[in-house]
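Predicted model, plus sequence, below.
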Amino acid sequence: MSDEPNARDPIGEDARVDALEKRLKAAREREAERSRPGNSEADASYRMGNRVLAELLGGLIGGALIGWVIDRFAGTSPWGLLVMLFLGIVVAFRNIIRIANRRSD
């Protein structure tokens, strides 16, 4: 390294370092622009998707669980499970439709 002619020059005067600093600054600015909290449309869509998924899974799992409990205590296997699973699906889709209609307004 000491054989190079610019070995004792300050680092700030090296053109490669200056170019690297400019590229890093540009990359930081692009990242700050991309991750700015003002992009609430994507956040709102993400939250709505999570809510739809939670409604769907909650309806299915809740209906199946309640139906299984009814079958277990009433001895009506598998009819309680099937009826409550169907009702859970209906309720889940009704809630998803309500969410979709509310967001379009």
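Thanks, I have it.

Which SSE is immediately downstream of the helix or strand containing A42?
Secondary structure assignment for A42, by DSSP states H and E: helix 40-74. Heading C-terminal from helix 40-74, the first helix or strand you meet, by DSSP H and E, is helix 79-104.

tilt between that next one and helix 40-74?
Here helix 79-104 runs at 160 degrees with respect to helix 40-74, directions being taken by axes from the mean of the first three to the mean of the last three C-alpha atoms, to 10 degrees.

List the buried residues for helix 79-104?
Of the residues in helix 79-104, those scored as buried under the neighbour-count criterion (16 or more other C-beta atoms under 10 Å) are G80, L81, V83, M84, L85, G88, V91, A92, N95, I96. C-beta here means a position set from N, CA and C on the backbone, and glycine is covered the same way.

Point out where this protein drops to low pLDDT.
For the chain, applying pLDDT under 70 flags the ranges 1-13, 37-41, 103-105.

now the residue nearest to the spatial centre of it: how far from G59?
To find the centre residue of the chain, average its C-alpha atoms and take the closest one (C-alpha atoms, centre = their mean): that gives Y46, at 5.2 Å. When C-beta to C-beta, to the nearest Å is applied, the distance between Y46 and G59 equals 21 Å.

Before I go, just wanted to say thanks for your time.
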